[in-house]
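Visitor: how would this look folded up:
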Amino acid sequence: MAKRERVMRMSVEQPLWRALTAYRVLTMLYAVGLFATAYGEFVRPWIAVSYYAVLCGWTLATLPRVANAARCTKRFLAADLTIAVAGILLTTVADAHERVQAGGPTLPSIWTAGSVLAFAIKGGWRWAALASSLVAVANLVERGSPARDTVHNVILVCIASVAIGYVVEVARASERTLARALEIEAATRERERLARDIHDSVLQVLAMVQRRGAVIGGEAAELGRMAGEQEVALRTLVSGGLVPVSRVSEDAADGALVRAVDEEPEPGGPVDLRALLAPYAGAMVSLAEPGAPVPLAPAAAREVAAAVGAALDNVRRHAGADARAWILVEDEPDEVIVTVRDDGPGIPEGRLDQAEGEGRLGVALSIRGRLRDLGGSAELISVPGQGTEVELKVPKDVTDTRGKAEQR
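Guide: As a prediction, the model looks like this:
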């Protein structure tokens, strides 16, 4: 079956990239304008002219790089910050010493903040702290001493960039959470739609086949019985919602992406016991389960399901084909309890011990032995004429007989 993919794009940070793009262009023009008004005061204006040529070319050529997070690579950020720091250090060479000591603007001026903000939007507050620290060192070297105005500007840039970086991290986390919630909602609506369609078509046809087969009799009765079993199994699957909802979230150029894909369980991860017990449900077997997943270690879940299957085999073998059975799943804080009950004639007192003595070890090995290996227990209660009840208990922290611990 081909995978279907639905992609929902959301981005709180995308407007920040657009604002950064505009900021870089405007601050580039501002820096060039400052230089033009003070051209005559530079001792080596040709150095400043060369730097501004590089700055303008770099800013305009790299506008696509600051369009989104995917294009803003680490290599670009490093080169961008290098141009900003180089401009700060070149100020002492191009400008007059008196202007530098008086607190005159550096060659890149406030364009430098754009480079630091790119670090903040791309990598969060930690990247912003690193970039602003390098800019702070360059400013202190350019000035020669920690003057009051220099320290003030450095602290302002640092605080602003770190704050923006933190806000971006929070926004990304919120996007991922919202994306998951929207995907769950969409999957739920799709499951409800499928349930309606199935109810209006397949389930009604199966129910009709079951009724007509019972009326006609003969081979048609057997066909009707099988149709009834499939109807119950399909109804349980639809109403129980055992199909896992896939939620794959990614950070991409346009924000958080959520893809609805066919999802395989993680190797070694917990599995939902309900999914393993669902196939046992049928016309003569009812399954009652919690509305939430019942996670167990894979080996433990398989053994419990096998024990349930063995209990149902005993029902069919000893209670007859017309006996009804019920499976009840209870998810307790420290253990999972699965109860299998039937309405058969029950087991006469002492019959199990006699069977074990005769070498028939179905209950002893297939049921009790499986649960004992998991550190659990299996209790069988039977009253002649009132059916049989098998209660399986397995701890959620399972230790098998080989000494390996499987944690939930």
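Visitor: how about the helices in the stretch 251-400 of the chain?
Guide: 273-277, 298-314, 351-357, 370-373 (DSSP state H, counting those that start in this stretch).
Visitor: of those helices, which is nearest A171?
Guide: helix 273-277 (35.8 Å; CB to CB). No exception for glycine: its C-beta is placed from N, CA and C like everyone else's.
Visitor: which helices and strands does that closest one pack with?
Guide: helix 298-314, strand 325-331, strand 335-342 (3 or more CB pairs under 8 Å, 6 or more residues apart in numbering; DSSP states H and E).
Visitor: list of residues touching it?
Guide: Helix 273-277 is contacted by residues 240, 242, 287, 289-290, 293-296, 301-302, 304-305, 308, 327, 329, 336, 338 when judged by CB atoms under 8 Å, 6 or more residues apart in numbering.
Visitor: now do R143 against L328, distance only.
Guide: Using CB to CB, to the nearest Å, one gets 77 Å for the distance from R143 to L328.
Visitor: shaky segments in this structure?
Guide: 1-12, 146-150, 195-200, 203, 231-268, 349-366, 398-408 (pLDDT under 70).
Visitor: in it, which helix has the most residues?
Guide: helix 148-200 (DSSP state H).
Visitor: can you show me the CA trace of stretch 127-144 as CSV?
Guide: The C-alpha coordinates for stretch 127-144 follow below in CSV (Å, rounded to 0.1, in the frame of the first residue of the first chain):
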residue,chain,number,x,y,z
TRP,A,127,25.1,30.7,19.1
ALA,A,128,24.1,34.3,19.7
ALA,A,129,26.2,34.4,22.9
LEU,A,130,29.3,33.1,21.0
ALA,A,131,28.9,35.6,18.1
SER,A,132,28.3,38.6,20.4
SER,A,133,31.3,37.6,22.5
LEU,A,134,33.5,37.7,19.4
VAL,A,135,32.1,41.1,18.4
ALA,A,136,32.7,42.4,21.9
VAL,A,137,36.3,41.4,21.8
ALA,A,138,36.8,43.1,18.4
ASN,A,139,35.2,46.3,19.7
LEU,A,140,37.4,46.3,22.8
VAL,A,141,40.5,45.8,20.6
GLU,A,142,39.4,48.5,18.2
ARG,A,143,38.8,51.0,21.0
GLY,A,144,41.9,50.0,23.0
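Visitor: residues of it that come out buried?
Guide: Applying a neighbour-count criterion of 16 or more other CB atoms under 10 Å, one finds 127-129, 131-132, 134-136, 138-140, 142-143 buried in stretch 127-144.
Visitor: helices - which of the residues you listed land there?
Guide: Per DSSP H, the subset of the buried residues of stretch 127-144 in helices is 127-129, 131-132, 134-136, 138-140, 142-143.
Visitor: distance to E41 for these - can I get that in JSON lines?
Guide: Below are these laid out as JSON lines (distance: CB to CB, whole Å):
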{"residue": "W127", "distance to E41": "36"}
{"residue": "A128", "distance to E41": "33"}
{"residue": "A129", "distance to E41": "35"}
{"residue": "A131", "distance to E41": "30"}
{"residue": "S132", "distance to E41": "29"}
{"residue": "L134", "distance to E41": "28"}
{"residue": "V135", "distance to E41": "24"}
{"residue": "A136", "distance to E41": "26"}
{"residue": "A138", "distance to E41": "22"}
{"residue": "N139", "distance to E41": "20"}
{"residue": "L140", "distance to E41": "23"}
{"residue": "E142", "distance to E41": "17"}
{"residue": "R143", "distance to E41": "17"}
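Visitor: what's the farthest-apart pair in those residues?
Guide: Spatially, the most separated pair among these is W127 and R143, at 25.0 Å (CB to CB).
Visitor: that older thread, could I get the helices and strands packed on helix 273-277 as CSV with mean neighbour count and distance to L16?
Guide: Below are these laid out as CSV (neighbours: other CB atoms under 10 Å; distance: least, CB to CB, whole Å):
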stretch, mean neighbour count, distance to L16
helix 298-314, 21, 44
strand 325-331, 18, 44
strand 335-342, 21, 48
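Visitor: can you lay out the ones you listed as JSON lines showing distance to A278?
Guide: Below are the helices and strands packed on helix 273-277 laid out as JSON lines (distance: least, CB to CB, whole Å):
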{"stretch": "helix 298-314", "distance to A278": "10"}
{"stretch": "strand 325-331", "distance to A278": "10"}
{"stretch": "strand 335-342", "distance to A278": "13"}
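Visitor: can you tell me the helix or strand for T27?
Guide: Secondary structure assignment for T27, by DSSP states H and E: helix 14-37.
Visitor: now do S50
Guide: Going by DSSP H and E, S50 is in helix 45-61.
Visitor: contact partners of the next helix or strand after that helix?
Guide: Next along the chain after helix 45-61, taking DSSP H and E as the criterion, comes helix 74-94. Helix 74-94 has contacts (CB under 8 Å, 6+ apart) with 42-45, 47-48, 51, 54-55, 58, 62, 65, 100, 104, 106-108, 111-112, 115-116, 118-119, 122, 127, 131, 134-135, 138-139, 141-142.
Visitor: pull the distance from helix 74-94 to the chain's centre.
Guide: Centroid separation for helix 74-94 versus its chain: 40 Å, with CA atoms, centre = their mean, to the nearest Å.
Visitor: how about T27, what does it touch?
Guide: S109, I110, W111, A113, G114.
Visitor: circling back to that earlier point, quick one: closest of the helices and strands packed on helix 273-277 to A281.
Guide: Closest to A281 of these is strand 325-331 (CB to CB; 7.5 Å).
Visitor: okay, the angle between the closest one and helix 298-314?
Guide: 160 degrees (axes from the mean of the first three to the mean of the last three CA atoms, to 10 degrees).
Visitor: sheet partners, orientation included, of strand 325-331?
Guide: The strands that strand 325-331 pairs with in its sheet are strand 285-288 (parallel), strand 335-342 (antiparallel) (by DSSP bridges).
Visitor: could I have it exported to PDB, CA atoms only?
Guide: Provided in PDB are the C-alpha atoms of strand 325-331 (Å, rounded to 0.1, in the frame of the first residue of the first chain):
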ATOM      1  CA  ALA A 325     -15.200 -16.000  25.700                       C
ATOM      2  CA  TRP A 326     -14.300 -12.600  27.000                       C
ATOM      3  CA  ILE A 327     -10.800 -10.900  27.200                       C
ATOM      4  CA  LEU A 328     -10.400  -8.100  29.600                       C
ATOM      5  CA  VAL A 329      -7.200  -6.000  29.600                       C
ATOM      6  CA  GLU A 330      -6.400  -3.800  32.600                       C
ATOM      7  CA  ASP A 331      -3.400  -1.400  32.700                       C
END
